[in-house]
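J.: would you be able to build a 3D model of this:
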Amino acid sequence: MTDRFNTIAGWVLAAGIVALGLSILSGMYFEADRPERPEQLGYVIEGVEEEGAEEGPVLATLLATGSAEAGQAVFAKCTSCHTINQGGPNGIGPNLYGVLGKPIGRHAAGFSYSSALAEKGGEWTYEAMDEWLKSPRAFASGTKMSFAGLSSPEDRANVILYMHANGGGPPFPAPPAAEGEGETAGEAGAEGEPAAGDPTSGAGPAEDPGTEAAGAMAAEQPSADTGSTNPVGE
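T.: Numbering: from 1, shown residues only. Have a look, this model is predicted:
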């Protein structure tokens, strides 16, 4: 009986070893440890951007075209934790009046910031505020703020404009110039007729208007003897 049990156990163990080996070999052959991302996602996964997706307008452009009024509507999501009026109290989060341009994690006196934010360093620039509103935890890992963030760049820009309307901030960044904009007059003239006086144009030097006028006056001076007009050179 014992010999039969040992035989069965040996065969079972051998079969398990063979199965494990085949699993490893098939995984190596089909590269199961390096799965490829499908060319087209079946559904959108939050936080994963599609490859080749076109980037939207930059922050400077969104700030130039956004609306503080629209930002006020979005900021309603924040009022359970923050006040933004001048002299407003701190709540679960600090009062945000005049926060733009101020040191990160040190703006509201008396508020207990998380060490992750207090030790971040730098100032609340428009770019920093945009990153913070996009994902507080990604901006300052370990922050006490539980807000997931605003995924829409337009919403973030509008909230920043609303913040600026309540306490001001640094000058807004200039939007990038549109393609073809900024062409100088000299560049435009380079494709037209050559300017007078250009030694390569063959047009000859331009006459001075003052010299031409002086010559005309001299030609019409009357003669001292006859009182008639005496053209120069006659």
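
J.: all helices for this protein, in order.
T.: Listed in chain order, the helices of the chain (DSSP state H) span 2-29, 59-65, 68-75, 115-118, 126-134, 136-139, 153-165, 185-189, 209-219.

J.: so which of those is nearest Ala174?
T.: helix 59-65 (6.3 Å; C-beta to C-beta). For the C-beta atoms, the positions are set from N, CA and C on the backbone; glycine is no exception.

J.: for that closest one, which helices and strands make contact with it?
T.: Where contact means 3 or more C-beta pairs under 8 Å, 6 or more residues apart in numbering; DSSP states H and E, helix 59-65 is packed against helix 126-134, helix 153-165.

J.: looking at it now, give me its mean pLDDT.
T.: Across helix 59-65, pLDDT averages out at 95.

J.: ok, and what's touching that helix?
T.: Outside helix 59-65, the residues that touch it by C-beta atoms under 8 Å, 6 or more residues apart in numbering are 57, 126-127, 130, 153-154, 156-157, 160-161, 172-176.

J.: can you count the residues close to Ile104?
T.: If you count neighbours by other C-beta atoms under 10 Å, Ile104 ends up with 21.

J.: how much space is there between the residue lying closest to it once chain neighbours are set aside and Pro94?
T.: Spatial nearest neighbour of Ile104, excluding adjacent residues (C-beta to C-beta, 6 or more residues apart in numbering): Lys120 at 4.8 Å. Applying C-beta to C-beta, to the nearest Å, the value for Lys120 to Pro94 is 14 Å.

J.: by average pLDDT, which secondary structure element in this protein comes out worst?
T.: One helix or strand of the chain scores below all others by mean pLDDT, DSSP states H and E: helix 209-219, with a mean of 43.

J.: measure how buried Leu62 is and give me the count.
T.: Look at Leu62: counted by other C-beta under 10 Å, it has 21 neighbours.

J.: equivalent analysis for Gly93, please.
T.: Neighbours around Gly93, by other C-beta under 10 Å: 17.

J.: could you check the pLDDT of the residue nearest to it when sequence neighbours are not counted?
T.: Excluding its sequence neighbours, the residue lying closest to Gly93 (C-beta to C-beta, 6+ apart) is Cys81, at 4.0 Å. For Cys81, the pLDDT comes out at 92.

J.: try the one 10 residues further on
T.: Turning to Gly91, the model gives it a pLDDT of 91.
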